[in-house]
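A.B. asks: predicted model follows, preceded by the sequence.
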Amino acid sequence: MKLDAALPPVQLKDVPAIAKAAEEIGFDALWTQETQHDPFLPCALIAEHSAQMKFGTAIAVSFARSPANLAYTAWDLAAQSGGRFILGLGTQVKAHIERRFGMQWPESVTGKLREQIQAMRALWDCWQNGTKLNFRGEYYKLTLMSPFFNPGKIENPNIPIFIAGVNTGLAKLAGELCEGFHVHPFNSPRYLKKIMLPAIDEGAKKANRRKQEVTVSVTAFVATSSEEENFARAQLSFYASTPSYRSVMDFHGWGEVAEKLSAHAAKGEWAEMPMLITDEMLNEFCLVTSPEKLASDLRTRYDGIADRLTLYTPFIPGEKDEFWKGLASSINS
């Protein structure tokens, strides 16, 4: 198990210092997100201001971009970093794709994401090996690549692709087609063991692969204080209100609570929502422990589940540096 860090939502000018500090702390990778900022721009700075640490997107919204956009960007970052870049993709949900990005939501989520991945690899194969570009699918047709637009070979062309998901369809696709799977922060060890890992295994078997070929990257809620517990309740209530994440609540028998949370969210009643997250729910979705026991409890909770582990709490240099150093040393040893 490797301990990674999450880049906080900062301006680009702050990224170099964070990247240097994260590598010094001992994190194995640093992940960017697509929330308030573009997820790829910080990656170029992380590559420039680190030497060994891996980095990548967790996640970039795939349906907001074309396969060619993604392929060019990933190619350049892989070349710049000597192969340390990991391309992490997520589909987002229909409302955001249509109303925040102004793009069309596909009839088949897994079908379109599958084609995006296959199309990117067709482009990479063309650039690296000179293979004629001839990708034809339901969503994309890519047949033109003249020398003027071909970036050419790079030293590390095998760019890992991780995809993210909450439900089994994307977990199966990861098992079949990808190098890794980003587990959504709204998870529980029981849900991962009973639902998601078997789905990854099913997808892997379909492609004559082993489940172990797919790196499972888990983002975990932890709380070592009452303030962190309150924060976790608020975030969990937000995630649990999302209809497309309902399967997690249903698995635990809390579907009615999820419906109430959705109703509150529709009315903008955000303050009422955390109160619906009981202590039982909190402990299912969040590791509540002491700072001293955190490392050992994380290992116990995610042993056999996670290959890479990121705390939901972003890494901010100068805040809890000794805590992060100790945790990284314990987990990555």
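C.D. replies: Sure, I can see it. All of these numbers come straight from a predicted model, not from anything done at the bench.
A.B. asks: from residue 112, how far out is residue 152?
C.D. replies: 29 Å (C-beta to C-beta, to the nearest Å). In short, each C-beta sits where N, CA and C put it, glycine included.
A.B. asks: and the gap between residue 182 and residue 174?
C.D. replies: Distance, residue 182 to residue 174, by C-beta to C-beta: 9 Å.
A.B. asks: how long is stretch 282-297 end to end?
C.D. replies: Chord length of stretch 282-297, first to last residue, is 16 Å (C-alpha to C-alpha, to the nearest Å).
A.B. asks: quick revisit: give the residues shared as contacts by residue 182 and residue 174.
C.D. replies: Residues touching both residue 182 and residue 174 (C-beta atoms under 8 Å, 6 or more residues apart in numbering): 162, 163, 165.
A.B. asks: lowest pLDDT pick from those residues?
C.D. replies: In terms of pLDDT, the least confident member of the shared contacts of residue 182 and residue 174 is residue 165, at 92.
A.B. asks: would you confirm that that residue contacts residue 187?
C.D. replies: No - at 10.5 Å, residue 165 does not count as touching residue 187 under the criterion of C-beta atoms under 8 Å.
A.B. asks: all strands for the stretch 101-250 of the chain, in order.
C.D. replies: 135-136, 141-142, 161-165, 180-183, 215-223 (DSSP state E, counting those that start in this stretch).
A.B. asks: turn those into JSON lines, including distance to residue 65.
C.D. replies: Compiled in JSON lines, the strands of the stretch 101-250 of the chain are given as follows (distance: least, C-beta to C-beta, whole Å):
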{"stretch": "strand 135-136", "distance to residue 65": "16"}
{"stretch": "strand 141-142", "distance to residue 65": "14"}
{"stretch": "strand 161-165", "distance to residue 65": "14"}
{"stretch": "strand 180-183", "distance to residue 65": "17"}
{"stretch": "strand 215-223", "distance to residue 65": "21"}
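A.B. asks: can you give me the helices in the stretch 201-333 of the chain?
C.D. replies: Remark: helices assigned in the stretch 201-333 of the chain by DSSP state H, counting those that start in this stretch are 226-240, 246-251, 255-266, 279-285, 294-302, 321-332.
A.B. asks: got these as CSV, with mean neighbour count and mean pLDDT columns?
C.D. replies: As requested, the helices of the stretch 201-333 of the chain are exported to CSV (neighbours: other C-beta atoms under 10 Å; pLDDT from 0 to 100):
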stretch, mean neighbour count, mean pLDDT
helix 226-240, 18, 96
helix 246-251, 18, 95
helix 255-266, 16, 96
helix 279-285, 16, 97
helix 294-302, 17, 96
helix 321-332, 16, 92
